[in-house]
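> here is my input, please return the structure:
(2 chains)
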Amino acid sequence: KNEVEQSPQNLTAQEGEFITINCSYSVGISALHWLQQHPGGGIVSLFMLSSGKKKHGRLIATINIQEKHSSLHITASHPRDSAVYICAVKKGAQKLVFGQGTRLTINP
Amino acid sequence: DAGVIQSPRHEVTEMGQEVTLRCKPISGHNSLFWYRQTMMRGLELLIYFNNNVPIDDSGMPEDRFSAKMPNASFSTLKIQPSEPRDSAVYFCASSFWTVLLNEQFFGPGTRLTVL
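Model (predicted):
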């Protein structure tokens, strides 16, 4: 079993819909990252959090340390949000372990 | 800042050849990471350095892989000899590590194809 599991693996929605991507992990962590990878391949860090909730524009990330679960929400989704979203947990000081990613497609 | 710079962006080579991937981290960052991404295994950490010193190379798949960081502004990942199963996208990332919540910045990646 992978240490980091994401769901769903693929998600297709219509523009404007509220999107939720989930991440569960089975190991002790010091922080959790949400990354975005666009079709061109580049990886961008969206959030890094160790507790509670963070918001940036239409993106919201939450984490529940006790339940070992994090969610990434996108409000008012747009076709430009189409990308692969990757959850990564930090084991120890620096080592990242990645989920398999969620491929999001937003149709106009 | 130019961000993390990787070269080449694409590399096609034949099995048995030596491949060298290069990375220039963001100026001032003191940690550097090499990752590999494949369809089957996703993103995996290969090795990381703090202050130019290798800290964890447990992800390096075989002795055919080696990485160096001769100074704070340059690192290489070498595969010798290369094999078709090494085909992947290789990412370099850097961070400024002195606090708990340090963030990693990724380069654009090198897409390696071994024929």
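> mind checking the longest strand of chain A?
When chain A is parsed with DSSP state E, its longest strand is strand A:83-91.
> pairing partners for that strand, with directions?
strand A:31-37 (antiparallel), strand A:95-98 (antiparallel), strand A:102-107 (antiparallel) (DSSP bridges).
> which stretches of chain A have low pLDDT?
A:1 (pLDDT under 70).
> what do you get for chain B?
B:1, B:99-101.
> how about stretch A:15-28 as PDB, C-alpha atoms only?
Written as PDB, here are the backbone C-alpha positions of stretch A:15-28 (Å, rounded to 0.1, in the frame of the first residue of the first chain):
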ATOM      1  CA  GLU A  15     -16.600  25.200 -15.500                       C
ATOM      2  CA  GLY A  16     -17.900  26.800 -12.300                       C
ATOM      3  CA  GLU A  17     -18.100  23.600 -10.200                       C
ATOM      4  CA  PHE A  18     -16.700  23.300  -6.700                       C
ATOM      5  CA  ILE A  19     -13.800  20.700  -6.800                       C
ATOM      6  CA  THR A  20     -12.400  18.600  -4.000                       C
ATOM      7  CA  ILE A  21      -9.300  16.400  -4.200                       C
ATOM      8  CA  ASN A  22      -8.500  14.200  -1.200                       C
ATOM      9  CA  CYS A  23      -5.200  13.000   0.100                       C
ATOM     10  CA  SER A  24      -4.700  10.400   2.900                       C
ATOM     11  CA  TYR A  25      -1.300   9.300   4.300                       C
ATOM     12  CA  SER A  26      -0.200   6.500   6.600                       C
ATOM     13  CA  VAL A  27       3.100   7.900   8.000                       C
ATOM     14  CA  GLY A  28       4.100  10.600  10.500                       C
END
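> and it, which residues are buried?
Using 16 or more other C-beta atoms under 10 Å in any protein chain shown as the test for burial, stretch A:15-28 gives A:19, A:21, A:23-25. Heads up, the C-betas are built off the backbone N, CA and C, glycines and all.
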